[in-house]
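1. Sequence first, predicted coordinates after that:
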Amino acid sequence: MSVAEPRRIVLFRHAKADWPQVTDHERPLAERGRMDAPKAGRRLTDTGLSFDLALCSTAARTRETWKLAVQEFPHRPKTVYEERIYEASPGELIAVLNETPDDVRNVLLIGHNPGVQALADILTGAADGDVRERMGDRGFPTAAFAVLSFPGRWKSLEPGAATLRDYWAPTD
């Protein structure tokens, strides 16, 4: 792959979680989350992107979201469960993405708020149409995702380097 070809990052917030008497890391999806995760998977498939790599938090709700969403994909990408994504700041998430091998073109990161939303905001230097306004108006509800693109190598990903191409939430 040429580094001149744009890379894509999809920032995907886990689906709606339940609040049983377990640690935060072990919270499962709520019924609504189990319905929204496959819906998000279908919408991700509709983008036409083929993912080379999925980076997923180790939290139960992100793993469950990914398990349900990826069933809707025509091709399952390599999946890495990354503990650093859980409770990560935008800077920590950028550091994880900076480690992506250059032969990877499209990455899907399944994580948590406030980090995922803040990362989308921080990376966005430009946006297509009204996408930035829609994301700003809606926030980043559970099972939402943002599609960003940027040129160059993964290690060059930094604030303002990306263009926000698409945004979707389950109520769209």
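-> Good, I have the coordinates.
2. contacts and neighbour counts: CA atoms only from here.
-> Will do.
3. check contacts around Glu31.
-> Glu31 is in contact with Lys16, counting by Cα atoms under 8 Å, 6 or more residues apart in numbering.
4. switch to 7 Å and redo it
-> By Cα atoms under 7 Å, 6 or more residues apart in numbering, Glu31 lies in contact with nothing.
5. State the distance from it to Trp168.
-> Separation of Glu31 from Trp168 (Cα to Cα, to the nearest Å): 20 Å.
6. Kindly report the same for Ala127.
-> For Ala127, the distance to Trp168 equals 14 Å [Cα to Cα].
7. Same drill for these two, tell me which one is more crowded.
-> A direct count of neighbours by other Cα atoms under 10 Å for Ala127 and Trp168 places Trp168 higher, at 21 against 16.
8. Just the buried residues of the longest helix along the chain, please?
-> The longest helix of the chain (DSSP state H) is helix 31-46. For helix 31-46, a neighbour-count test (16 or more other Cα atoms under 10 Å) marks 33-45 as buried.
9. residue boundaries of the helices in this protein?
-> 31-46, 60-70, 90-98, 115-123, 131-138.
10. Tabulate those (CSV), appending mean pLDDT and distance to Trp154.
-> Shown next, in CSV, are the helices of the chain (pLDDT from 0 to 100; distance: least, Cα to Cα, whole Å):
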stretch, mean pLDDT, distance to Trp154
helix 31-46, 97, 22
helix 60-70, 98, 23
helix 90-98, 98, 5
helix 115-123, 97, 13
helix 131-138, 94, 23
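11. closest to Val107 out of these?
-> helix 90-98 (8.5 Å; Cα to Cα).
12. between the helices of the chain, which one is nearest to Leu53?
-> Set against Leu53 and scored by Cα to Cα, the helices of the chain come closest in helix 90-98, at 10.8 Å.
13. Contacts for that closest one next, please.
-> By Cα under 7 Å, 6+ apart, helix 90-98 touches 85, 115, 118-119, 154-155, 157.
14. Among the residues you listed, name the buried ones.
-> Taking 16+ other Cα under 10 Å as the criterion, what is buried in these is 85, 115, 119, 154, 157.
15. Many thanks, I have nothing further to ask.
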